[in-house]
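# Build me a structure from this.
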Amino acid sequence: RGGGVHEPFPQKLHRMFSDLEKEQPEALTNVIGFLPHGRAFMIHNPQKFVEEIMPKYFRMSRFSSFQRQLNLYDFERVTDGIDKGAYYHELFLQGRPALSMQMKRTKIKGAIAHCSKGHYKGAGAINFYEMPPVQKPSKATKGQTS
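Residues are numbered from 1 along each chain as shown. Sure thing, here's the model as predicted:
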């Protein structure tokens, strides 16, 4: 190994969603996919995700390792409501991969470090359905930063 990260985890995750949309759209509803509002994603079938999708995109073989990466990039797990179990990050939106380039990996995940950033206290109380849905960039603006 060595030489740094070639493609950071959030960008790789976006590429996975993009590839699945083109090549295996059924996986987006059966295995892993964004929720209708585009602000969070759900892993519908963790076993299938680990066996069929994860090996193509990530150099890890355990679901817990994938969850650790989500935690290191400050994804929040939705704990209440209709989206319970989904993962959310304010810079990880459907069809907006350029935003995720601003996401930073934390060295050590801990409650003190996380709360001191001034972040929300978890995604449990957020109602994404009260927000406008995420708009995918038009073809004309695809090359521009989102």
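# could you point out the longest helix in the protein?
Using DSSP state H, we find that the single longest helix of the chain is helix 9-23.
# mind listing what's buried in that one?
9-14, 16-17, 20 (16 or more other C-beta atoms under 10 Å). Quick note: C-beta positions are derived from backbone N, CA and C, even for glycine.
# Contact partners for the nearest residue to Phe34 once chain neighbours are set aside?
Nearest residue to Phe34, sequence neighbours excluded (C-beta to C-beta, 6 or more residues apart in numbering): Gln94, at 4.2 Å. By C-beta atoms under 8 Å, 6 or more residues apart in numbering, Gln94 lies in contact with 17, 34, 38-39, 41, 134, 136.
# Narrow those residues to those that are buried.
Buried positions within the contacts of Gln94, assessed by neighbour count (16+ other C-beta under 10 Å), are 17, 34, 38-39, 41, 134.
# Quick check on Tyr88: phi, psi?
phi -140, psi 140 (degrees, to the nearest 10).
# Could you report the neighbour count for it?
23 (other C-beta atoms under 10 Å).
# This completes my enquiry, with thanks.
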